[in-house]
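> next comes the sequence, and after it the predicted model I'd like to discuss.
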Amino acid sequence: MNRRTMLKIGGMGLIGSGLGACSGHSWSVDRPMPELGLAPVRADWDRVIRTTVGLRPHRPSGFVLHAERFGETTVIHNYGHGGAGMSISWGTGQLAAEMALDHDSRAAAVIGCGVVGLTCARQLQRRGFDVAIYAMTVPPNTTSNMSLAGFTPTSGLVSGDRRTPAWDAQFREAVEISYRQLQLLVGRGYGVSWIRSYALSDNEPRARQGSRVPERAPLLPDHLRTGSTRLGPGEHPFPTRYATRRTEMRIEPTIYLAALVRDFVGFGGRIAIRSFAEPRELVALEESLVVNCTGLGARDLFGDRELVPVKGQLTVLVPQPEVDYGTFGGPGPSVGGLGIHMQPRSDGIALGGTAERGEWSLEPNREAMERIVNAHRTLFAAMQS
Ligand SMILES: Cc1cc2nc3c(=O)[nH]c(=O)nc-3n(C[C@H](O)[C@H](O)[C@H](O)COP(=O)(O)OP(=O)(O)OC[C@H]3O[C@@H](n4cnc5c(N)ncnc54)[C@H](O)[C@@H]3O)c2cc1C
């Protein structure tokens, strides 16, 4: 199993019947209350089925996307996507593939088989490259498989004071490409869908409340955000004063990454399990064009000391197909400054809310797990139905 990711199977209790929920609020016939019938999550300890841990590959100055020469070999770096790799990888993959077109060869090696490597490999294939992926681990044992995977392009990606205009331009182009690409995958077996999401708060939301990272909002043009609706007391079933509703993109990592692997192989790609310790091993590959998509692995492989792990974990409950919305925020303090959140998927209800910077351990943080499950239990027990 990947050194950087780990799956712990917890106890699994009885699977109860789903709750048919029905809002007790009044609503106008002219303006039906869309929150009618939101089913509460049953966040009980006997419904916990696993806790997964992943280390986000964070770089304070943002992802790296440029070419470098090692003798006869060109290495295009495409790594360091922080908490946003699931959201922006199609875009950085396309930018990397366009750099590759400057090279004479049409055979490329991609190092890494997480979401960044797979989408980059597909972008290269679309431009006529014959591609081989070399990676230490492949799905389902990558960090990408451990992500919550909302469309969160600015999440934990870059520190505000480290941004440069050149990086911002790359970022904006990458987000535009990814946002469009992910929309085209909705409903076609990729595990990508649109879902209602509620940002919960007792404080009156500011104009941009509902964004998970309001301080970074200027990075993201308005047309890359869906509109939001602020619901006040009595207009929603949650035990907070306000709930800001937004329709957001959701990616189910298990389905998505398996589909990307299938596509890659279906278009003639090859995958070899292999680990690299230093750049000269890449130079020895038969391909003279290499794309480095090793995520946190680039720290050791290329000596990038700026890369730092930001540990995140998800505790997953027995699936509840009737839960068709996500939440962000709620009662209780956050761990590492990240609010608690809930995302339903076909393989379970994911509960998250940790961002432990500089933490390399792949052991679940027991205290954080308890806090997150208990906070969600309190939240949904108090939800009106
Ligand atoms: C709890 C959690 C929640 C998250 N939520 C979101 C979210 O909502 N939205 C979002 O967009 N992102 C989210 N992320 C972030 C996202 O998971 C990462 O940005 C993304 O997975 C990074 O992808 P990657 O391909 O660069 O890395 P990885 O998935 O780690 O893939 C790296 C690949 O490189 C290989 N590799 C590394 N080193 C070597 C080496 N030396 N030799 C050979 N192979 C090597 C690995 O084996 C692997 O195949 C979340 C992450 C976590 C942990």
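Alright, I've got the coordinates.
> anything in stretch 123-132 near the ligand?
No. Stretch 123-132 stays clear of the ligand (Cβ under 6 Å from any ligand atom), getting no nearer than 12.6 Å. C-beta coordinates here come from the backbone N, C-alpha and C atoms, glycine included.
> again with stretch 296-307
Yes. Against the ligand, stretch 296-307 shows contacts by Cβ under 6 Å from any ligand atom at 297, 301.
> gap between the two ends of that stretch?
For stretch 296-307, the separation between the terminal residues is 7 Å (Cα to Cα, to the nearest Å).
> can you start the count at 14 instead of 1 from here on
From this message on, residue numbering opens at 14, which makes the last subject stretch 309-320.
> may I see the buried residues of that stretch?
Neighbour counts over stretch 309-320 (16 or more other Cβ atoms under 10 Å) mark 309-312, 314-315, 317, 320 as buried.
> and that stretch, how far out from the chain's middle?
21 Å (Cα atoms, centre = their mean, to the nearest Å).
> residues in contact with it?
17, 68, 70-74, 77, 90, 92-93, 124-125, 149, 156, 289-292, 305, 307, 322 (Cβ atoms under 8 Å, 6 or more residues apart in numbering).
> 6 Å instead?
With contacts defined as Cβ atoms under 6 Å, 6 or more residues apart in numbering, stretch 309-320 is touched by 17, 68, 70, 72, 92, 289, 307, 322.
> which residues are in contact with the residue nearest to the spatial centre of the chain?
For the chain, A162 is the residue whose C-alpha lies nearest the centre (Cα atoms, centre = their mean; 3.0 Å). Neighbour list for A162: 99, 264, 266 [criterion: Cβ under 6 Å, 6+ apart].
> host element of the first one?
This points to M99. When elements are assigned from DSSP states H and E, M99 belongs to helix 98-113.
> now do that helix: which elements does it pack against?
Packed against helix 98-113 by the contact rule (3 or more Cβ pairs under 6 Å, 6 or more residues apart in numbering; DSSP states H and E) you find strand 77-83, strand 86-92, helix 128-139, helix 178-198.
> so is that helix next to the ligand?
Yes. Using Cβ under 6 Å from any ligand atom, helix 98-113 reaches the ligand at 98-100.
> distance to A297, pLDDT and neighbour count added to those residues, as a markdown table?
Formatted as a markdown table, those follow (distance: Cβ to Cβ, whole Å; pLDDT from 0 to 100; neighbours: other Cβ atoms under 10 Å):
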| residue | distance to A297 | pLDDT | neighbour count |
| --- | --- | --- | --- |
| G98 | 28 | 98 | 28 |
| M99 | 32 | 98 | 28 |
| S100 | 34 | 97 | 26 |
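> and which of these is nearest to R390?
R390 has its nearest neighbour among those in M99, at 27.0 Å by Cβ to Cβ.
> surely that closest one meets L161?
No. With contact defined as Cβ atoms under 6 Å, M99 does not reach L161; the gap is 8.3 Å.
> do the host helix or strand of V304 and the ligand meet at all?
Per DSSP H and E, V304 falls inside strand 302-305. No. Strand 302-305 lies out of reach of the ligand by Cβ under 6 Å from any ligand atom, never closer than 8.9 Å.
> next secondary structure after that strand?
helix 311-314.
> what's the model's confidence in that next one, averaged?
For helix 311-314, mean pLDDT is 98.
> stretch 219-239 too?
pLDDT averaged over stretch 219-239 gives 60.
> closest to A368 out of the buried residues of stretch 309-320?
L309 (14.5 Å).
> so which strand or helix has the nearest residue in space to the closest one that is not next to it in sequence?
Nearest non-adjacent residue to L309, counting by Cβ to Cβ, 6 or more residues apart in numbering: P70, 4.1 Å away. Following DSSP H and E, one finds P70 within strand 61-71.
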